[in-house]
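Chemist: how would this look folded up:
(chains A and B)
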Protein chains: 2
Amino acid sequence: MLRLDISRVKKAVTEEELNSLIPDLRRAHETLINKEGPGSEYTGWLELPEKTDKDELSRLKAAADKIRRGSSVLVVIGIGGSYLGARAAIEFIKGGFYNSGATSPEIYFLGNGLSTDYYNEIIRIIGDRDFSVNVISKSGGTTEPAVAFRLFKSLIEEKYGKEDARTRIFATTDARRGALKTLADAEGYECFVIPDDIGGRYSVLTPVGLLPMLAAGIDADRVLGGARTMMTRLVCEKSLKSAAWRYAGIRNALYNTGKNIELLTYFEPRFRFAAEWWKQLFGESEGKENKGIFPASAEFTADLHSLGQYIQQGERTLFETIVNFRAEKEDVIIPHMRDDFDGLNYLSGKSISYINDKAYAGTALAHEDGGVPNLTIELSGANEECFGALVYFFEFSCALSGYMLGVNPFNQPGVEEYKRNMFALLDKPGFGELAGKLRERLDGNK
Amino acid sequence: MLRLDISRVKKAVTEEELNSLIPDLRRAHETLINKEGPGSEYTGWLELPEKTDKDELSRLKAAADKIRRGSSVLVVIGIGGSYLGARAAIEFIKGGFYNSGATSPEIYFLGNGLSTDYYNEIIRIIGDRDFSVNVISKSGGTTEPAVAFRLFKSLIEEKYGKEDARTRIFATTDARRGALKTLADAEGYECFVIPDDIGGRYSVLTPVGLLPMLAAGIDADRVLGGARTMMTRLVCEKSLKSAAWRYAGIRNALYNTGKNIELLTYFEPRFRFAAEWWKQLFGESEGKENKGIFPASAEFTADLHSLGQYIQQGERTLFETIVNFRAEKEDVIIPHMRDDFDGLNYLSGKSISYINDKAYAGTALAHEDGGVPNLTIELSGANEECFGALVYFFEFSCALSGYMLGVNPFNQPGVEEYKRNMFALLDKPGFGELAGKLRERLDGNK
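Modeler: Residues are numbered from 1 along each chain as shown, chains lettered A, B, ... in the order given. Below you'll find the model as predicted:
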């Protein structure tokens, strides 16, 4: 399902060095599973794959069925962890062209930004087709999704009337508190729970990710099954046999030698949003107290003709984690050409995935030679089990890695800064003093 | 059209420091425009906006008209500079949902990777609709586009017969030499020229980018006009009044103080591929000889809930260039709600672009406070002129910046490494010895 190949970091991190990290890894592991570290109140994701609420899962499936039967479009409203996980899952499993497929519903993500053009486009694309809304917010108070929901609540009530609109709105939110929960109860929306002990970026296997996945026709049981398999492997294995120990250990070892950028690369465009999800997971978990590896991503082979030059010969501050699919594919074969006009006849009869595989191997070796140590995460397929396994693997590794770095991998204090400034500049009550100061600075800058 | 605001880097780079770079900037500028530096044989883009071949431009427009009349889909085959520029232009000007619009033709980019799934998806999406192909390759020998063209040449000939297929294939390639030019002449494809003195990443305003743009209904004259305006400004202005001098100067000053990651951020999703194009331009131009700023990008406000934490409080190796559109928009207004369930009534009657503008200002100040110096490139709109101006601004700045760094900003020697390995592993004739060595290493890694 998931295999980690560390052979191409051995020159940069010797076996001895990796072994020397075992005590740190053990400490991080035990801190994590004994729930004794900073942020331990947000480690509910650890047991989640075997503790998924069966009744709620049934309700999620029923809601998804209802959406699939009655809507051509599902609008999913959420930001950060309430956005990237579901999108990552749908593109990973169903492909990046999911919305161009024949199956309903198309799924669009909204409330993850403030672009007017983007709003207008989504409204145009929905047109007069039937749609439902899944609004995802723990509190209901985050500006971007709240703005989107206020707009789409109006649109859906206008189209269907207040009564029918209620049956087309699904709220994924806190179990008891918050603006969204209060409204949902008053209006009678069907609700699903964001658990208190799971933060946004670790929430993809909760209803946050599961309802959009189910609406897209993804088998959630298989996703959870993949995660469960990985959980069983990783929680119990306290040694370098654990892929999470090796990944977390090597990341930290490389960071300590000055590799401060990790580039997550992949050869399948369907992985693009899984990489975006990964950037949030690691960037938000580790990027604090003026430390942390900067997470970046690149799509190959496209970006071998873009960032490739930098990777091969630029500043030597990079290491690379390559995601490679070992999948059986409905393959495309290179035809033979009598005139061999392009000199490609040496490839005729070969499949594109065969060439892709050689591109992968050639790239991995070239980057190693160029001074970019690289690991490979090999996945057996672009399916539900692999997605679930990959999610759990990254979450567990990230928590270990954060504890090794000495930070709280479950908070995100820095995210408030821009919000505070934005509230002040928007004249939100209570921010008057800050507003004055900021306006002075902005005026001074003109 | 384009304005550069450097007020929020003044703490990190004082006016004195910036002034001290004037001699370097002047030297770089003169080296560039006198065509005396390394790679000067690839500086044809400098005069391009006023030297565009009028006859060829007419032929391009006629070809685009033919495509628009006779095809529901245009497949654009190219990689690197033969891919990103056109995609950037179409999304920037026509929006990220261009292919979901009512207008023909849909445009898909192929030959920029080796994903079987991606091939199958494009073939499925075309279905039995009419299509044309624009194959873009200087030599015709680059593996990814060559593979794609071999396949689509077969498909299009199968569908339309060899005679009609010829009228649906447009080749953008060398004026005289190369496998693609030879084939195109033999088959009678209409050809457009990639000039010898313009490298891939500087080629977006040549037929490489212009034909796909025109096919998408973009006004190429306006794009070239925007570039021309910027050219007139930048070539003559040898002082810090030049936005290119300030941008190139500040980048280098920040790099010298240890800021080795530049994050290009934007608040409009339509900018995503312009950011990808920018990454190639700067990464490939500067990332060599073990130096260069690492180019990364983020989409706000989405990524303020992802990379935002890292930007605000992670390792202090970042600086940021924000692209902000000061555009008039068909705006979306926040409705008033009697119950104010979400506490957003303080925003009712305000527009989403008003909120976005405050999010931008709040973010810029928060990042400055967090130790991330940031510049803003202000664009007056998401239109043709601004795209042309932005392209020329970045190209000119990049060339200056590369010369200041002491590298050849017009070569990309490192891109060959993965190709050589790939050829060897694919048993391409002539790579036998390397193949043996690589296979040994791969076997040893198992």
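
Chemist: what's the nearest residue to residue A:285 if we skip its chain neighbours?
Modeler: residue A:409 (4.0 Å; Cβ to Cβ, 6 or more residues apart in numbering or on different chains). Where you see a C-beta, it was placed from the backbone N, CA and C, and this is true even at glycine.

Chemist: phi, psi of that neighbour?
Modeler: Per-residue torsions, residue A:409: phi -80, psi 0 (degrees, to the nearest 10).

Chemist: who touches it in this structure?
Modeler: Residues near residue A:409 by Cβ atoms under 8 Å, 6 or more residues apart in numbering or on different chains: A:39, A:285-286, A:398-399, A:401-403.

Chemist: rerun that using 7 Å as the cut-off
Modeler: Going by Cβ atoms under 7 Å, 6 or more residues apart in numbering or on different chains, residue A:409 touches A:39, A:285-286, A:398-399, A:402-403.

Chemist: and residue A:171, that's in a helix?
Modeler: No. Counting by DSSP: H, G, I helix; E, B strand; the rest coil, residue A:171 is not part of a helix but strand.

Chemist: Name the helix or strand for residue A:319, please.
Modeler: strand A:318-325 (DSSP states H and E).

Chemist: Let me know the next secondary structure element after that strand.
Modeler: helix A:352-369.

Chemist: Which element is encountered next along the chain beyond that following helix?
Modeler: strand A:374-379.

Chemist: Packing partners of the helix or strand just after that next one?
Modeler: Moving toward the C-terminus from strand A:374-379, the next helix or strand (DSSP H and E) is helix A:384-405. Applying 3 or more Cβ pairs under 7 Å, 6 or more residues apart in numbering or on different chains; DSSP states H and E, we find helix A:384-405 packed against strand A:2-5, helix A:22-33, helix A:84-94, helix A:220-236, helix A:243-256, helix A:272-286.

Chemist: Keeping just the C-alphas, turn helix A:384-405 into CSV.
Modeler: Only the C-alpha atoms of helix A:384-405 are listed here, as CSV (Å, rounded to 0.1, in the frame of the first residue of the first chain):
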residue,chain,number,x,y,z
GLU,A,384,-9.2,4.9,-1.4
GLU,A,385,-7.0,2.6,0.7
CYS,A,386,-3.8,4.3,-0.4
PHE,A,387,-5.3,7.8,0.2
GLY,A,388,-6.3,6.8,3.8
ALA,A,389,-2.9,5.2,4.4
LEU,A,390,-1.0,8.2,3.1
VAL,A,391,-3.1,10.6,5.2
TYR,A,392,-2.4,8.7,8.4
PHE,A,393,1.3,8.2,7.5
PHE,A,394,1.8,12.0,7.0
GLU,A,395,-0.2,12.9,10.1
PHE,A,396,1.7,10.5,12.4
SER,A,397,5.1,11.5,10.9
CYS,A,398,4.3,15.2,11.2
ALA,A,399,3.4,14.9,14.9
LEU,A,400,6.6,12.9,15.5
SER,A,401,8.6,15.4,13.5
GLY,A,402,7.1,18.4,15.3
TYR,A,403,7.9,16.9,18.7
MET,A,404,11.5,16.2,17.6
LEU,A,405,11.8,19.8,16.5
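
Chemist: could you give the angle of that helix to helix A:272-286?
Modeler: 20 degrees (axes from the mean of the first three to the mean of the last three Cα atoms, to 10 degrees).

Chemist: Now the following helix or strand past helix A:384-405: buried residues?
Modeler: Using DSSP H and E, the helix or strand that directly follows helix A:384-405 along the chain is helix A:416-425. Buried residues in helix A:416-425, counted by 16 or more other Cβ atoms under 10 Å in any protein chain shown: A:417-419, A:421-425.

Chemist: Give the other helices and strands that helix A:416-425 contacts.
Modeler: helix A:432-444, helix B:352-369.

Chemist: can we see that at 10 Å?
Modeler: Contact partners of helix A:416-425 among helices and strands, from 3 or more Cβ pairs under 10 Å, 6 or more residues apart in numbering or on different chains; DSSP states H and E: helix A:143-166, helix A:432-444, helix B:308-313, helix B:352-369.

Chemist: what's the angle from the first one to helix A:416-425?
Modeler: Using the same axes, to 10 degrees, one finds that helix A:143-166 and helix A:416-425 are set 80 degrees apart in direction.

Chemist: Next, the buried residues of helix A:143-166.
Modeler: The neighbour-count check on helix A:143-166 (16+ other Cβ under 10 Å) flags A:143-153, A:155-157, A:160, A:165-166 as buried.

Chemist: three-state assignment of the residue in the stretch 101-250 of chain A positioned nearest to chain B?
Modeler: The minimum distance from the stretch 101-250 of chain A to chain B, using Cβ to the nearest Cβ, falls at residue A:114 (3.8 Å). Of the three states, residue A:114 takes coil according to three-state DSSP.

Chemist: And for the one 3 residues further on?
Modeler: Assigned with three-state DSSP, residue A:117 falls in the helix class.

Chemist: related to what we said a few turns ago, ok now do the residue of the stretch 101-250 of chain A closest to chain B, which residues does it touch?
Modeler: Counting by Cβ atoms under 10 Å, 6 or more residues apart in numbering or on different chains, residue A:114 touches A:143-144, A:147-148, A:422, B:267-268, B:300-302, B:332, B:351-360.

Chemist: switch the cut-off to 6 Å
Modeler: B:301, B:352, B:355-356, B:359 (Cβ atoms under 6 Å, 6 or more residues apart in numbering or on different chains).

Chemist: Repeat that for residue A:152.
Modeler: residue A:133.

Chemist: anything in stretch A:241-256 near chain B?
Modeler: No. On the criterion Cβ under 6 Å from any Cβ of the partner chain, stretch A:241-256 is out of touch with chain B, staying 9.3 Å away.

Chemist: Quick check: buried residues in that stretch?
Modeler: Neighbour-count burial for stretch A:241-256 flags A:242-255 (criterion: 16+ other Cβ under 10 Å).

Chemist: any chance of the residues you listed in TSV, with distance to residue A:325 and pLDDT too?
Modeler: Converted to TSV, the buried residues of stretch A:241-256 look like this (distance: Cβ to Cβ, whole Å; pLDDT from 0 to 100):
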residue	distance to residue A:325	pLDDT
A:242	22	98
A:243	17	98
A:244	20	98
A:245	24	98
A:246	20	98
A:247	18	98
A:248	23	98
A:249	25	98
A:250	21	98
A:251	22	98
A:252	27	97
A:253	27	98
A:254	24	98
A:255	27	98
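
Chemist: With distance to residue B:18 added, can I get those residues in TSV?
Modeler: Listed next are those as TSV, based on distance: Cβ to Cβ, whole Å:
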residue	distance to residue B:18
A:242	51
A:243	48
A:244	47
A:245	48
A:246	46
A:247	43
A:248	42
A:249	43
A:250	41
A:251	37
A:252	38
A:253	39
A:254	35
A:255	33
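
Chemist: In CSV, list the buried residues of helix A:416-425 along with distance to residue A:291.
Modeler: Shown next, in CSV, are those (distance: Cβ to Cβ, whole Å):
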residue, distance to residue A:291
A:417, 18
A:418, 21
A:419, 23
A:421, 24
A:422, 26
A:423, 28
A:424, 29
A:425, 30
